[in-house]
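In: here's my sequence, what's the structure:
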Amino acid sequence: HLSEHLKAARLVRARVPAHVPVLQSIFDPLFQLRILAGAHWHDHRRDCPEALSIALAALTERTRRIVGLFREAGVDGIFLAVQHAGAHESPGDSFFTMGLPEGLSCLAAAGPDSLNLVHLHGEGLPAALLDAFPGTTVHFAFDANPALDEGRRAGPEVLLSGGMAPSELASLTAETVAAE
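Out: Here you go, the predicted structure:
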């Protein structure tokens, strides 16, 4: 229940020193919609895109309200998990029209003084995403996204964070990871 999560956020903020940022994980509205649609996502996208747009707008507004409640509870910002921006998940530039605007809206709900981190999950992420989230830190797996790794030239208002894919980390020795 949301009230329990908000209570937990208040307790964490009360126990963590003020100089240590506390972020709340939030899944972007497109991810939420795709989870709700399940195996029917592609059929719904083909057969009733207008209904998906209405549902996405409702999820975005709900998520914005939740972000505001967490900020009131004392978190310093959000960790926005973006799951469906890769080329295999979002053909063409579709994420830029259905997904990105809603994610940006959720970041804006955190307010101008928030500390936000965007995690771009997956492979084949377009390099244009580097500049798509101004005022945030963008995190991604470098080795799974060569276009992003090569494009570490994001604008000055974007900080980049990343590293090796977790699946690769799990198969390496501590010495090899440290050397990387």
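
In: list the buried residues for the helix or strand harbouring Ser53?
Out: Per DSSP states H and E, Ser53 falls inside helix 49-72. Using 16 or more other CB atoms under 10 Å as the test for burial, helix 49-72 gives 52, 55-56, 59-60, 63-64, 66-67, 69-71. The C-beta positions use only the backbone N, C-alpha and C, and glycine is treated the same way.

In: among these, which one has the lowest pLDDT?
Out: Within those, Leu52 has the lowest pLDDT, namely 92.

In: which residues does that one contact?
Out: Taking CB atoms under 8 Å, 6 or more residues apart in numbering, we find Leu52 in contact with 33, 37, 44-45, 98.

In: checking Phe133 next. Helix, strand or coil?
Out: coil (DSSP: H, G, I helix; E, B strand; the rest coil).

In: ok, it touching Leu104?
Out: Yes - the criterion here is CB atoms under 8 Å, and Phe133 meets it with Leu104 at 7.1 Å.

In: the more surrounded of the two?
Out: Phe133 (23 against 18; other CB atoms under 10 Å).

In: which non-adjacent residue is nearest that one?
Out: The shortest distance from Phe133 to any non-neighbouring residue, by CB to CB, 6 or more residues apart in numbering, is to Val118 (4.8 Å).

In: do Ile26 as well
Out: Using CB to CB, 6+ apart, the nearest residue to Ile26 is Ile78, at 4.8 Å.

In: strands paired with the helix or strand encompassing that neighbour, and their directions?
Out: Using DSSP H and E, Ile78 maps to strand 77-82. Sheet pairing for strand 77-82, assigned by DSSP bridges, gives strand 23-27 (parallel), strand 117-120 (parallel).

In: dump those strands to a markdown table, plus mean pLDDT, mean neighbour count and distance to Thr173.
Out: Output for the strands paired with strand 77-82, formatted as a markdown table (pLDDT from 0 to 100; neighbours: other CB atoms under 10 Å; distance: least, CB to CB, whole Å):
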| stretch | mean pLDDT | mean neighbour count | distance to Thr173 |
| --- | --- | --- | --- |
| strand 23-27 | 96 | 19 | 30 |
| strand 117-120 | 89 | 22 | 26 |
